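# missing the sequence, but the structure's below:
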């Protein structure tokens, strides 16, 4: 069955996804501890402004403000009974911006981790996880999202549960892992093994890959591992804009627009189909990324040495360096910024 995302990939080849949600909303006044999802109703004009900024910068894909939109995350803000409405509103805001754009824009319904541990490490059953994701994704679908964008995942079982939730809601999906622990996810999943996660019952994802993590060089290392393992895959990278640094009481990401432009060039040559930014990536960064994508001159497949020479050193070991990253307990409540 045709999907707007697949159609746009077929038309354009490489797509530009948007930048950060959380860090940009903090710049707009969101306070630490506040749920961004509540702003879909309380501050809709700011959510619209962020989406419009990314579209004006050239984004082909915008993610809804719904990363923490499962009942498990919303329960922390006493909003667990408002899952459908908050997610529907998130998608409506993005849809309205996309429909007014001067180019085709895909609305991706952002679906983050529940923040809970699945049995046997925790109390959440697989079936309850599937239901939580289905509930969220049904709201996103009702609001006009084109796809479910499952992101920043660490646990293979939670990826499968989210994918099954998308299938139950009747939505196509993509998924990305966060390879931030010695080149693997916190639960020990290596980039090259991400293809083994795909659940049969949920159908194939339209694309898969990596987001967040610890910086552009590291996510490109993950991309090289993934594209080597499956050169024909539709791969996503949505990397952080450098490394966070404290300047007084403010967290600033070290990546410049030029660095993010170089990251785009390397990502295209390393096999990415969808490229975007995660934590710290502003509209200004995205403009530079759009320019790089539009003016890219195809080069050879980069090596890890090429990546380091162009945009700097890795902050972690790569997954292939050993350093056995045994599965360990996930951190609760980690939020993509």
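Ah, there it is. Keep in mind that what you see is a predicted model, and the values were worked out from it rather than measured. Numbering: from 1, shown residues only.

# number of nearby residues for the residue nearest to residue 89 when sequence neighbours are not counted?
Excluding the flanking residues, the one nearest residue 89 by C-beta to C-beta, 6 or more residues apart in numbering is residue 40, at 4.3 Å. In short, each C-beta sits where N, CA and C put it, glycine included. Applying other C-beta atoms under 10 Å, we find 27 other residues in the vicinity of residue 40.

# what's the pLDDT at residue 40?
Listed pLDDT for residue 40 reads 98.

# Could you pull up the contacting residues of it?
Contact partners of residue 40, counting by C-beta atoms under 8 Å, 6 or more residues apart in numbering, are 47, 65-66, 86, 89-90, 93.

# Tell me which entries of the residues you listed lie within helices.
The helices, defined by DSSP state H, take in 47, 86, 89-90, 93 from the contacts of residue 40.

# can you give me the strands in the stretch 201-337 of the chain?
Secondary structure of the stretch 201-337 of the chain (DSSP state E, counting those that start in this stretch): strands at 208-212, 235-239, 244-247, 250-253, 272-277.

# Ok, which of those strands comes nearest residue 309?
Among the strands of the stretch 201-337 of the chain, strand 235-239 comes nearest to residue 309, with 17.3 Å by C-beta to C-beta.

# For residue 63, which non-adjacent residue is closest in space?
Excluding its sequence neighbours, the residue lying closest to residue 63 (C-beta to C-beta, 6+ apart) is residue 110, at 4.3 Å.

# What of residue 273?
residue 234 (4.5 Å).

# Now the one you found, what are its backbone angles?
When read as degrees, to the nearest 10, the backbone of residue 234 gives phi -80, psi 110.

# Tell me where the stretch 101-250 of the chain is predicted with low confidence.
Low-confidence segments of the stretch 101-250 of the chain, defined by pLDDT under 70: 200.

# For it, just list every one of the helices.
Ranges of helices in the stretch 101-250 of the chain, per DSSP state H, counting those that start in this stretch, are 126-142, 156-169, 216-229.

# chain center to the first one, what's the gap?
To tie it back to what came earlier, the one meant is helix 126-142. Mean-position distance between helix 126-142 and its chain equals 18 Å (C-alpha atoms, centre = their mean, to the nearest Å).

# which strands and helices sit next to it?
Helix 126-142 sits against helix 71-74, helix 83-99, strand 106-111, strand 147-153, helix 156-169, with contacts defined as 3 or more C-beta pairs under 8 Å, 6 or more residues apart in numbering; DSSP states H and E.

# likewise the last one?
Packed against helix 216-229, as judged by 3+ C-beta pairs under 8 Å, 6+ apart, are the following elements: strand 208-212, strand 235-239, helix 257-269, helix 304-311.

# can you list these in JSON lines and add distance to residue 76?
Below are the helices and strands packed on helix 216-229 laid out as JSON lines (distance: least, C-beta to C-beta, whole Å):
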{"stretch": "strand 208-212", "distance to residue 76": "20"}
{"stretch": "strand 235-239", "distance to residue 76": "24"}
{"stretch": "helix 257-269", "distance to residue 76": "32"}
{"stretch": "helix 304-311", "distance to residue 76": "36"}
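
# residue contacts, residue 136?
By C-beta under 8 Å, 6+ apart, the neighbours of residue 136 are 66, 69-71, 83, 87, 111, 165.

# same question, residue 190
Contacts of residue 190 (C-beta under 8 Å, 6+ apart): 179, 183-184, 225, 319.

# Could you dump the residues you listed into JSON lines with neighbour count and distance to residue 122 added?
What follows is these, written out as JSON lines (neighbours: other C-beta atoms under 10 Å; distance: C-beta to C-beta, whole Å):
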{"residue": "179", "neighbour count": "32", "distance to residue 122": "22"}
{"residue": "183", "neighbour count": "24", "distance to residue 122": "25"}
{"residue": "184", "neighbour count": "26", "distance to residue 122": "20"}
{"residue": "225", "neighbour count": "22", "distance to residue 122": "28"}
{"residue": "319", "neighbour count": "23", "distance to residue 122": "25"}
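
# Done for today, thanks.
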